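> Show me how the following folds:
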Amino acid sequence: MNSPIVYELRTPSTIDPDRKYPALFLMHGMGSNEQDLLSLVRGKEDTFFVFSIRGPIAQPPGYAFFTIEGYGKPHREVFDRSIGQLTNFLEYASQSYPIDQENIYLLGFSQGAIVSMTLGLTLGERIKGIVALSGYIPFFVKEEYHIQSVANLSIFISHGEYDPVLPFEWGEESKDFFENQGANVSFHSYPEGHTVSLQNYRDFMNWITNDLKNGGNRNGK
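Alright, predicted model coming up:
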């Protein structure tokens with residue numbers, strides 16, 4: 001089975017053929033590529049199979065997961081197609097590598113956070129946890145997509161208070177939406193712009209470690 005999408009893979013140095021491993025899927029922001037977020041999760045390949053995904057659309061100087069028709073408005077057809085491609089890739093990876101289906105995590109920045117949160121809503125129980133850095137949930141996803149139960153999903157949402165690209169309020173709205181759907185939400189704000197600060201990095205790395213260790217304990221926010 002050929003991969004439906006371009007990706008980079010990082011794995012533990014020693015693979016036990018009798019073991020299944022947690023998986024972490026990385027999704028970059030607009031104009032970047034599959035190399036961009038790998039440095040943010042350095043060390044996690046000791047525990048996870050780390051898949052860093054290239055957006056399927058050329059967006060110089062890099063790639064994108066979707067195009068936009070206006071402020072906060074992805075082109076619906078392009079967005080739908082990208083979500084389908086990403087869903088197919090998760091299926092491909094699950095069939096091609098020794099992945100623990102109970103421990104699949106998504107991590108995305110900006111566009112990557114947008115598609116990560118959308119996948120969490122559409123795949124429901126198939127996703128264990130999400131790290132959504134500076135993103136939002138498109139209106140049509142909330143209103144028209146078939147949303148699965150996220151009662152067992154843990155999600156770390158962070159946003160810069162001075163984000164000039166995607167307003168801080170959109171991060172708060174994402175938090176509220178996931179909470180209303182019953183997810184276990186950990187929301188973090190930082191006095192930053194559209195970026196990942198050192199404290200943000202430390203916080204989400206600790207969150208991933210603790211969530212995996214605690215089995216997504218809903219009391220372990």
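
> contacts, neighbours, all on C-alpha from now
Noted.

> Tell me the secondary structure at the nearest residue to Leu38 once chain neighbours are set aside.
Nearest residue to Leu38, sequence neighbours excluded (Cα to Cα, 6 or more residues apart in numbering): Ser52, at 6.9 Å. Recorded secondary structure, Ser52: strand (DSSP: H, G, I helix; E, B strand; the rest coil).

> Ser52: neighbour count?
Close neighbours of Ser52, defined as other Cα atoms under 10 Å, add up to 24.

> That one pairs with what?
For Ser52, the beta-bridge partners under DSSP bridges are Glu8, Leu26.

> what does the longest helix seen in the chain contact?
In terms of residue count, the longest helix belonging to the chain (DSSP state H) is helix 76-96. With contacts defined as Cα atoms under 8 Å, 6 or more residues apart in numbering, helix 76-96 is touched by 1-5, 56, 65-67, 99, 101, 115, 118-119.

> related to what we said a few turns ago, how about the contacts made by the residue nearest to Leu38?
7-9, 25-27, 34-35, 37-38 are the contacts of Ser52 under Cα under 8 Å, 6+ apart.

> My guess is Leu9 contacts Glu45. True?
No. Counting by Cα atoms under 8 Å, Leu9 sits too far from Glu45 to count as a contact (9.1 Å).

> Looking only at neighbour counts, state which of these two leads.
A direct count of neighbours by other Cα under 10 Å for Leu9 and Glu45 places Glu45 higher, at 19 against 14.
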